[in-house]
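Student: build the 3D model from these lines:
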Amino acid sequence: MRRADREHRRDAGPVTLEIRALRPDDRAAWDPLWHGYLVFYEEDLPDDITDLTWSRFFDDDEPMGAIGAFLDGNLIGICHHHFHRSTWARTTYCYLEDLFVSPDSRGGGTGRALIEATADLARAAGAEKLYWHTRTDNATARALYDQVATHVGDIAYERDL
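Tutor: Numbers count the residues shown, from 1 in each chain. Model (predicted):
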């Protein structure tokens, strides 16, 4: 996984934002971010769906994956993706399904770093496109998305890889 250096003003000076695949032992740190994402989208999933989603990230037979952004060893952002075939492509597309950065960590490049890391994974897997959706009123996220992808009409973003 890639690492991105990030200037972050603290007494310790610059710190490193690490982007890496989530591991089973990251569950306790992932849960609050996942819950925050669901609250944002006004979703209330049963616990068994959350457990199933988590287990899919570590099942080699599933085309899903999860990466996290860690600052000073603390998980501050998550990004879930999955690969699928398309009737419009020779290979696969990568759907960036969920992206969430903790509210107190926003504005420092974490969302962009997670998107770029997902693009790197998609490219390495031979995917032809990375895409995602958001709500029309998600202006903060859309400001970033408009910088890194092409708005295609619906609230769907695509990026050729």
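Student: so how far is Asp25 from the closest residue to Glu62 other than its chain neighbours?
Tutor: Distance criterion C-beta to C-beta, 6 or more residues apart in numbering; nearest residue to Glu62, sequence neighbours excluded, is Arg56 at 4.4 Å. All C-beta atoms are positioned from the backbone trio N, CA, C, and that covers glycine. Note on Arg56: its distance to Asp25, by C-beta to C-beta, to the nearest Å, is 17 Å.
Student: so if I had to pick from the two, which one is more boxed in?
Tutor: Taking other C-beta atoms under 10 Å, Arg56 and Asp25 do not tie; Arg56 has more neighbours (16 against 7).
Student: I figured the more buried one hits Met64, correct?
Tutor: Yes. Look at Arg56 against Met64 with C-beta atoms under 8 Å: they come within range, at 4.8 Å.
Student: ok, then the element right after the helix or strand bottoming out on mean pLDDT in the chain?
Tutor: Ranking every helix and strand in the chain by mean pLDDT, DSSP states H and E puts strand 3-6 at the bottom, with a mean of 36. Once the chain leaves strand 3-6, the next helix or strand it forms, by DSSP states H and E, is strand 15-21.
Student: output the contacting helices and strands for that next one.
Tutor: If contacts are counted by 3 or more C-beta pairs under 8 Å, 6 or more residues apart in numbering; DSSP states H and E, strand 15-21 sits against strand 3-6, strand 64-71, helix 110-124.
Student: my read: Gly109 touches Ile19, true?
Tutor: No. Gly109 sits out of contact with Ile19 when judged by C-beta under 8 Å, with a separation of 10.9 Å.
Student: please identify which of the two sits among more neighbours.
Tutor: Per other C-beta under 10 Å, whichever of Gly109 and Ile19 has more neighbours is Ile19, with 21 against 18.
Student: my guess is that one meets Ala119, correct?
Tutor: No. Using C-beta under 8 Å, Ile19 makes no contact with Ala119, being 11.4 Å away.
Student: return the distance of the strand ranked longest in the chain from the chain's centre.
Tutor: Ranked by residue count, the top strand of the chain under DSSP state E comes out as strand 74-85. Strand 74-85 sits 4 Å away from the centroid of its parent chain (C-alpha atoms, centre = their mean, to the nearest Å).
Student: from the contact counts, what lies against whatever helix or strand comes next after it?
Tutor: Later in the chain than strand 74-85, the nearest helix or strand by DSSP H and E is strand 92-101. When contacts are defined as 3+ C-beta pairs under 8 Å, 6+ apart, strand 92-101 packs onto helix 27-40, strand 74-85, helix 110-124, strand 129-133.
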